[in-house]
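Visitor: Output the structure for:
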Amino acid sequence: MTTSNMPETQDNAEPRISNVVVVGAGPSGILLSILLAKHGIKVDLLEATETIDEQPRAAHYAPPAVYELRRAGVIDEVIERGFKPASGCWRKANGEVIVGMRFDAIPDDPERMVVLPLDRLGKLMYAHLQKLPLATVRWGHRVVNIGEEGDKAWVEAQTVTGLVKVEGDYVIGADGATSTIRRLLFGPNSFQGETLDAAIVATNVIHDFSQYGYWDTNYLVDPKNWCMVARIGRDDHLYRVSYSEVPGLTAEEYKKRQPARYKEILPGNLEPSDYTITNINPYKLQQRCAPAFRKGRFLLAADAAHVCNPFGGLGLTGGIADIGSLFDCLNGINQNLADDSILDKYAEIRRNLYVDVIDPLSRENFRRLWNQDPNKARENDDFFQTLIKAETDEELAKELTLGLNVLRHDFTQYYKKN
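Guide: Residues are numbered from 1 along each chain as shown. Just a heads-up that it's a prediction; the model follows:
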């Protein structure tokens, strides 16, 4: 179900939300703060660190995410600094293409996929947020306690000068996979799910992989050396290479193994002098979800609510879709177009989308890379068979490019009828 355009504020409606506290100044927290502040809701954005996270993380924004970035008024700059990929493919370890997929089947689609590294998106959006008088950003505020009093929720944050208490009508936990808000709400072991028996090392590297015939996005299907190589820079040959590793090593051990793993997995028999790594970080692969996305006046969104492995971009796109849904609910309450119960719908529907769509689909995307014979994958993989049909079926190709719109949901349908 697609998200409709927001209704205009009713002329005689008294605002019903005085302010919202958002915890976590990652891209999700900043995006929600922009949407709220641009629509008349005061925001206090709290972040434990002193700066925006610059680790190499996701970079691909599927149509549901592009839609929300457009609503926030930042998409033109995202496109200007990033680019729109044309295609992706799955390959054997020797480079042979198994099957491809078009991302430009609807070339004039305003919500077509866009690529920009997440750290660059965060900086871009933060610049927008600083221009909004209703938004206050508090760096160096590490939440240590939470509570509710009457019709207000509050957080207590540790700062260099001592404890600070900040209250609002609602508190939003957008503070990532290690969310303090989630742990304080549901307990330290409440992030239900599992850590997969695998690890990846995500690197940002400057090297021109197009010289090997590589497409914009490339997945290597191999039981040992599964990998993703995706262009994430506009003009500078910047790529994201996320490759398989044995779990359980230290960060330093992973970094020492990187040159050998590059040489083993990637084309060109690469030596360290052939490329420049700008960032490297090992990651565990997790499939986890909070027991609930709402408890009283506290709500969870994006990675604080759910995480999945990165293959297919479902975690990033699903998280940004959370933010758009939550904004519509809070905006509806503020305009007296919805009552507080719409937040229960948010919590139920967004969690179901994780359980029913994001979790199983992301697991299947990951399985596709390592748990099949690359020489038989084209014939045996049902998704690959669909892609083969789409090569000659334009309507099917278009349908595939819009597939992730299932992650959008129209919460304005629960508004009061005029």
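
Visitor: Strands of the stretch 301-418 of the chain, start to end?
Guide: 306-307 (DSSP state E, counting those that start in this stretch).

Visitor: Looks like Gln258 contacts Val205 (just checking).
Guide: No. Counting by CB atoms under 8 Å, Val205 is not a contact partner of Gln258; they are 9.8 Å apart. Heads up, the C-betas are built off the backbone N, CA and C, glycines and all.

Visitor: So those two - more neighbours on which side?
Guide: Val205 (24 against 19; other CB atoms under 10 Å).

Visitor: Sheet-wise, list the partners of whichever strand or helix holds that one with their directions.
Guide: Assigned by DSSP states H and E, Val205 falls within strand 192-206. Paired strands of strand 192-206, with direction, are strand 238-245 (antiparallel), strand 276-289 (antiparallel) (DSSP bridges).

Visitor: Can you tell me which of those strands is most buried?
Guide: strand 238-245 (a mean of 22; mean count of other CB atoms under 10 Å).

Visitor: Now the helix or strand following that strand: buried residues?
Guide: Next along the chain after strand 238-245, taking DSSP H and E as the criterion, comes helix 251-265. For helix 251-265, a neighbour-count test (16 or more other CB atoms under 10 Å) marks Tyr254, Lys255, Arg257, Gln258, Arg261, Tyr262, Ile265 as buried.

Visitor: tell me the contacts of the last one?
Guide: Applying CB atoms under 8 Å, 6 or more residues apart in numbering, we find Ile265 in contact with Ala93, Leu220, Asn225, Cys227, Tyr243, Ser244.

Visitor: now do the third one
Guide: For Arg257, the set of contacting residues under the criterion of CB under 8 Å, 6+ apart consists of Glu245, Leu249.

Visitor: The fourth one now?
Guide: Gln258 sits next to Val201, Thr203, Ile277, Ile280 when contact means CB under 8 Å, 6+ apart.

Visitor: now with 10 Å?
Guide: Val201, Thr203, Val205, Val241, Tyr243, Glu245, Pro272, Ile277, Ile280, Pro282 (CB atoms under 10 Å, 6 or more residues apart in numbering).

Visitor: Per-residue pLDDT of it, please?
Guide: If you check Gln258, the pLDDT there is 98.

Visitor: list the buried ones in stretch 91-103?
Guide: Neighbour-count burial for stretch 91-103 [16+ other CB under 10 Å]: Arg91, Ala93, Ile98, Val99, Gly100, Met101, Arg102, Phe103.

Visitor: And the contacts of the helix or strand harbouring the fourth one?
Guide: Mapping Val99 onto the secondary structure by DSSP H and E places it in strand 97-102. Counting contacts by CB under 10 Å, 6+ apart, the residues outside strand 97-102 that touch it are 85-92, 213-215, 217-221, 374-379, 381, 383-388, 390-391, 394, 397-398, 400-401.

Visitor: next one: stretch 381-394
Guide: Under CB under 10 Å, 6+ apart, the answer for stretch 381-394 is 88-90, 98-102, 105-106, 221, 361, 364-365, 367-368, 372, 377-379, 396-401.

Visitor: Excluding residues flanking it in the chain, which one is nearest Asn331?
Guide: His39 (5.5 Å; CB to CB, 6 or more residues apart in numbering).

Visitor: So that neighbour sits against Ala135, correct?
Guide: No. The pair His39 / Ala135 is not scored as a contact, 11.5 Å apart, by CB atoms under 10 Å.

Visitor: who's more crowded, these two?
Guide: Taking neighbours as other CB under 10 Å, His39 and Ala135 compare with Ala135 leading, 21 against 17.

Visitor: Next secondary structure after the strand holding Val99?
Guide: Per DSSP H and E, strand 97-102 leads on to strand 114-115 as the next helix or strand towards the C-terminus.

Visitor: could you give me the average pLDDT of that next one?
Guide: 96.

Visitor: could you point out which element follows that strand?
Guide: Counting by DSSP H and E, the next helix or strand C-terminal to strand 114-115 is helix 118-129.

Visitor: Could you list every helix and strand that that next one packs against?
Guide: Under the contact criterion of 3 or more CB pairs under 10 Å, 6 or more residues apart in numbering; DSSP states H and E, helix 118-129 touches helix 27-38, strand 42-46, strand 60-61, helix 63-71, helix 75-81, strand 135-138, helix 314-334.

Visitor: Can you check which of those gets nearest to Ala174?
Guide: For the helices and strands packed on helix 118-129, proximity to Ala174 was assessed by CB to CB; helix 27-38 is nearest, at 3.8 Å.

Visitor: report the angle between the axes of the closest one and helix 314-334?
Guide: Angle of helix 27-38 versus helix 314-334, following axes from the mean of the first three to the mean of the last three CA atoms, to 10 degrees, is 20 degrees.

Visitor: For the closest residue to Ser87 other than its chain neighbours, report the pLDDT, please.
Guide: Excluding its sequence neighbours, the residue lying closest to Ser87 (CB to CB, 6+ apart) is Trp215, at 5.0 Å. pLDDT, Trp215: 97.

Visitor: A strand includes Trp215, no?
Guide: No. Going by DSSP: H, G, I helix; E, B strand; the rest coil, the assignment for Trp215 is coil, not a strand.

Visitor: Please look at it and Gly95 and confirm they touch.
Guide: No. Taking contacts as CB under 10 Å, Trp215 lies outside contact range of Gly95: 11.2 Å.

Visitor: All set now, cheers.
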